[in-house]
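[1] With the input below, show me the fold.
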Amino acid sequence: MNTRRRQDHIVRTLRRTGATTIAALAQAVGASKRTVLRDISALRQEGFVIHAEPGRGGGLKLDPQSVQTTARLSVAEVFALVISVASVRAGGGLPFSTLADAGLAKIENALPPDKVRDLRRFMACLYIGRLAPQVDLSTMGSPDAALLPTFENAFLQRRHLRFHYRDAKGAVSSRQVEPQAMLILPPLWYLVAWDPARDDFRHFRMDRISAPIMVDGTSFERRHVPFPDDVRPVRP
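    Numbers count the residues shown, from 1 in each chain. Below is the predicted model:
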């Protein structure tokens, strides 16, 4: 369990149990007591009010009114929110778009500067347009949950992506590409990449990509993607 997931688990446990001990938390998250103490200290710095009460019946207690004051969202999580808002807006189904934009702005303002920088670099790769009416959606599935975190690292570090791809006929192949952009054509999402094996750009439906991994090695240069006129960038 990584640090973030462990700390989230600690907060949930404190909210659910009302009071518990360091030993019980350590067992629950599979970490040492020293690690849990460091996590408690970090959570307090983020704004959580956690009391330590000594004696029989005591232990750690989380103030029920306590909330964190420091955003802990990852770049991929904020990016997923942006994608969702942009996708719904493109489909004409976002009646409260002003409020949605204001909420996203507040989230961005709460992010540390390094995450804001990464978010904006990630956002520079996002485009949106309209899906052609003749596209068959009968086999549309859900994108792999591992895609966005993997894409984040590959796009920001300009590393190759390797994944399995299932084409329209169901044939599966292994691909290694240079990720250049992400394209939303609601309700479909695409990875737009330069395919060295074919010496050309390729559009990969994200719901047909599986087992994505970032390939370590030399970075590649960003290329200009020749999008049609009705495709536009999504700005943060």
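[2] what about the strands in the protein?
    For the chain, applying DSSP state E gives strands covering 19-20, 50-53, 59-62, 126-128, 160-166, 172-185, 188-195, 200-205, 209-215, 232-233.
[3] Can you say which of those is nearest to residue 147?
    Between residue 147 and those, the shortest separation by Cβ to Cβ is 5.7 Å, and it involves strand 209-215. Placement of C-beta: from N, CA and C, glycine included.
[4] chain center to that closest one, what's the gap?
    With Cα atoms, centre = their mean, to the nearest Å as the basis, strand 209-215 stands 15 Å off its chain's centre.
[5] And residue 182, how far from residue 188?
    Distance, residue 182 to residue 188, by Cβ to Cβ, to the nearest Å: 11 Å.
[6] more crowded one of these two?
    Neighbour count, other Cβ atoms under 10 Å: between residue 182 and residue 188, residue 182 has more, with 24 against 18.
[7] Can you give the domain ranges for this protein?
    Domain assignment of the chain by automatic domain parsing yields the ranges 3-62, 75-233.
[8] Put together a markdown table for the ones you listed, with mean pLDDT on each row.
    Formatted as a markdown table, those follow (pLDDT from 0 to 100):
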| stretch | mean pLDDT |
| --- | --- |
| domain 3-62 | 85 |
| domain 75-233 | 87 |
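[9] Dead centre of the protein: give me the residue that sits there.
    Nearest to the geometric centre of the chain sits residue 76, at 2.3 Å (Cα atoms, centre = their mean).
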